[in-house]
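Student: A structural model of the following input is requested.
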Amino acid sequence: MRGNCLCGSVAFEVAGELPKLYQCHCSLCRKQSGTTSNCSLLVQCENFRWLDGESNITSYVKDSGFRSDFCARCGSPVPNPLRDTTYVWVPSGLLDGKVSLEVGAHLCVGSKASWDTNIIDGTQFEDLPNLETLIECLKRR
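Tutor: Residues are numbered from 1 along each chain as shown. All right, here's what the predicted structure looks like:
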């Protein structure tokens, strides 16, 4: 499955079966995405590769460690390594083509926006679960 940013200058590929998506409703993800939540997937590093445009990526990292990578040309959020893990965070809206994906988890529902009332599917976590719990929840069965 291939994906790219809005202007197309940053492109990547994800191999293998895609895991379920997750949506994070925390205030940082709302600000990064500009909407109720981000919608992303976590991909093993070995199943991810850049095709083009890595030099066009700019990063912003908060003191807390929250990281946002984005295309310096169009501003689209782009994949980034998930801290010191073996996973890459991939914004699902960048994926091209038809693919059957489903939401497996909603994170930080305890801090969702007051107007965010449409959570209908997937396991709900009040806060951030530990990574192992989240990965298990996002496995396709």
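Student: which residues make contact with the worst-scoring helix or strand of the chain on mean pLDDT from outside it?
Tutor: Of all the helices and strands that make up the chain, helix 27-33 has the lowest average by mean pLDDT, DSSP states H and E, namely a mean of 91. Contacts with helix 27-33, where a contact means C-beta atoms under 8 Å, 6 or more residues apart in numbering, come from 36, 37, 38, 39, 62, 66, 68, 77, 91, 108, 111, 113. For the C-beta atoms, the positions are set from N, CA and C on the backbone; glycine is no exception.
Student: mind listing what's buried in it?
Tutor: For helix 27-33, the neighbour count (16 or more other C-beta atoms under 10 Å) marks 29, 30, 32, 33 as buried.
Student: and if you look at stretch 130-141?
Tutor: Going by 16+ other C-beta under 10 Å, stretch 130-141 has these buried residues: 134, 137, 138.
Student: Now for the last one: which residues touch it?
Tutor: Residues in contact with residue 138 (C-beta under 8 Å, 6+ apart) are 19, 20, 21, 22, 41, 42, 104, 105.
Student: just to revisit the earlier point, in TSV, list the buried residues of stretch 130-141 along with distance to residue 8.
Tutor: Shown next, in TSV, are the buried residues of stretch 130-141 (distance: C-beta to C-beta, whole Å):
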residue	distance to residue 8
134	30
137	32
138	28
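Student: and of the residues you listed, the nearest to residue 73?
Tutor: Closest approach between the buried residues of stretch 130-141 and residue 73, by C-beta to C-beta: residue 138, at 30.6 Å.
Student: on that earlier part again, counting only helices, which of the buried residues of stretch 130-141 make the cut?
Tutor: 134, 137, 138 (DSSP state H).
Student: Beyond the least confident helix or strand of the chain, next helix or strand please.
Tutor: strand 38-44 (DSSP states H and E).
Student: could I have that next one exported to PDB, CA atoms only?
Tutor: Provided in PDB are the C-alpha atoms of strand 38-44 (Å, rounded to 0.1, in the frame of the first residue of the first chain):
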ATOM      1  CA  ASN A  38      -6.000  11.600  14.500                       C
ATOM      2  CA  CYS A  39      -6.700   8.400  12.700                       C
ATOM      3  CA  SER A  40      -3.500   6.300  12.300                       C
ATOM      4  CA  LEU A  41      -2.000   2.900  12.200                       C
ATOM      5  CA  LEU A  42       1.100   1.500  13.700                       C
ATOM      6  CA  VAL A  43       3.300  -0.400  11.300                       C
ATOM      7  CA  GLN A  44       6.400  -2.500  12.000                       C
END
